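K.L.:
Could you work out the structure for the sequence below:
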Amino acid sequence: AEPKQHAPIRISPRLLGMLQGEGAKVAAPYQSPWEPRQYAPGVLPDKAEKLAMDADVNAGLSWAGGFHGMWAEGIGFLGYPYLAELTQRPEYRRPCEILAEEMTRKWIRLRSTGDDDKAEKIRELDGDMVKFKLREKFHDAILLDNVFGLSFLYVDVGTSDKAEEQATPLTLTPEKIPKGCLKGFQLIDPTWTAPNWYEASRPWLPNFYKPDTWFLMGRVTHKSRLLITVSRPVPDILKPGYNFGGISLTQMLKPYVDNWLKVRQGVTDIVLAFTTFVLETNMSDAFSGAGGDQFLARAQAFGLMKNNLGLLTIDKETEGFQTASAPLSNLDMLQAQAQEHMASVWGGTLLKAYGLSPSGLNADTDSGIRVFYDMIHARQQRTMGDNLATALKILQLNRYGE
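P.N.:
Presented below is the predicted three-dimensional model:
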């Protein structure tokens, strides 16, 4: 007997369109990486100079093309609005808060190195640190740096209403910081800032790609009036795109958090529906090139009627039904590994990050905690050292005039 000939399978484009629309996602709007950075209204003054676009276009395109791979990998600057939105997720916010809390938890202890007894001065300076909430201000500055890659503490010496004075250097002298003039240290979100003037042609100068003045909502402010925190600086070629800050911890976490969210949701989906229901039905409407409306309607009706606690009806003559179950073993290990990868980005331990004790043979919590605090101590010296020394000098000038 001759083998039975089957008609070729033809799927209607209309059916494909309907199926694709079932799980379609809205793509993010495209934004060209080569456009000049856009700042929030009011950050730049009304008559601020703008970037010229009329010189040596080819040279600009040649180096700009080098960033194509960066954007293809998704490692370009995400922007302050988007980074702010990410802080609403605990996977991003908790690491930032932990680092800020641990770096300021023990704070500092003032000591005298000379022969004179300076216990009274030390007590007064300790009181000033409490009065001006220096510890809390540095905590908030480090938190913002982890979120945005940049943060500012504005030194308010009573001249904030004088625009011309704010644009001049704040030298650590009694003339600029007279006794009793300090009003406090004000935290400034980098969203309201923009670089003004910086050296861009002589890389041997100390201010090369380091702004001497900043715009604070249109007001020119000298850098010496700002305690600037950038714990993760980027190369010079990337600094303009990052608002002359650094890369944020939230941005570094994003690929790992994205993977974690997918794995977590995938595990949840498998647990909730680890059994797949197979409906054996007539698919000629779908594979004959027709519209496929009847096939899609049957599949939707099957899904609506299917319920573990309800009743499922099928045609006993033309349809069949069976189940296929997925194994659930090792799902907990896969989910735990995705969670561990998030902690590895910022050097946290499972116990510190999520309150989870490590599992497995020879799991040692104490050694991991020691390594974590070694990292915290190193970051304290590098991130807070210079700004904290400047703040203490300002407190001494404010109280003693010297």
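
K.L.:
Tell me both backbone torsions, phi and psi, for the nearest residue to Ser160 once chain neighbours are set aside.
P.N.:
Nearest residue to Ser160 in three dimensions, chain neighbours excluded: Gln166, at 6.8 Å (Cβ to Cβ, 6 or more residues apart in numbering). Every residue, glycine included, has its C-beta placed from N, CA and C. Dihedral pair for Gln166: phi -70, psi -20, per degrees, to the nearest 10.

K.L.:
what's the single longest helix in this structure?
P.N.:
The longest helix of the chain (DSSP state H) is helix 365-400.

K.L.:
buried residues in that helix?
P.N.:
368, 372, 376, 379-380, 383-384, 387-388, 390-392, 394-399 (16 or more other Cβ atoms under 10 Å).

K.L.:
ok now that helix, how far from the chain's centre?
P.N.:
Here helix 365-400 is found 23 Å from its chain centre; the criterion is Cα atoms, centre = their mean, to the nearest Å.

K.L.:
residues near the residue nearest to Leu356 when sequence neighbours are not counted, how many?
P.N.:
Spatially, and ignoring its direct neighbours in sequence, Leu356 is nearest to Leu350 (4.5 Å; Cβ to Cβ, 6+ apart). Using other Cβ atoms under 10 Å, Leu350 has 18 other residues around it.

K.L.:
So Leu350 sits against Ala343, correct?
P.N.:
Yes: the pair Leu350 / Ala343 is scored as a contact, 6.1 Å apart, by Cβ atoms under 8 Å.

K.L.:
those strands in the protein, which residues are they?
P.N.:
All strands of the chain, identified by DSSP state E, fall at 151-156, 184-188, 193-197, 213-216, 219-222, 226-229, 275-280, 320-325.

K.L.:
Just the pLDDT at the residue most central in space within the chain, thanks.
P.N.:
With distances taken as Cα atoms, centre = their mean, the residue of the chain nearest its centroid is Thr250 (1.9 Å). Listed pLDDT for Thr250 reads 93.

K.L.:
The one 4 residues further on too?
P.N.:
Here, the pLDDT recorded for Lys254 equals 91.

K.L.:
how close does Phe295 sit to Thr313?
P.N.:
Look at Phe295 and Thr313: by Cβ to Cβ, to the nearest Å, they are 18 Å apart.

K.L.:
same deal with Gln396?
P.N.:
For Gln396 relative to Thr313 (Cβ to Cβ), the value is 85 Å.

K.L.:
what does Tyr198 give?
P.N.:
Noted for Tyr198: a distance of 73 Å to Thr313, by Cβ to Cβ.

K.L.:
just Gly266 next, same as before
P.N.:
From Gly266 to Thr313 the distance is 31 Å (Cβ to Cβ).

K.L.:
Tell me which of these two has more neighbours.
P.N.:
Neighbour comparison, Gly266 and Thr313: the larger count goes to Gly266, with 14 against 10 (by other Cβ under 10 Å).

K.L.:
gap between that one and Met103?
P.N.:
35 Å.

K.L.:
Ok, Glu319 next?
P.N.:
As judged by Cβ to Cβ, Glu319 and Met103 stand 65 Å apart.

K.L.:
And Gln381, by the same measure?
P.N.:
10 Å.

K.L.:
what are the bridge partners for the nearest residue to Phe132 once chain neighbours are set aside, then?
P.N.:
Nearest-residue entry for Phe132: Gly184, 5.4 Å, with adjacent residues in sequence omitted and distances by Cβ to Cβ, 6+ apart. Beta bridges link Gly184 to Asp156, judged by DSSP bridges.

K.L.:
Cool, thanks, talk later.
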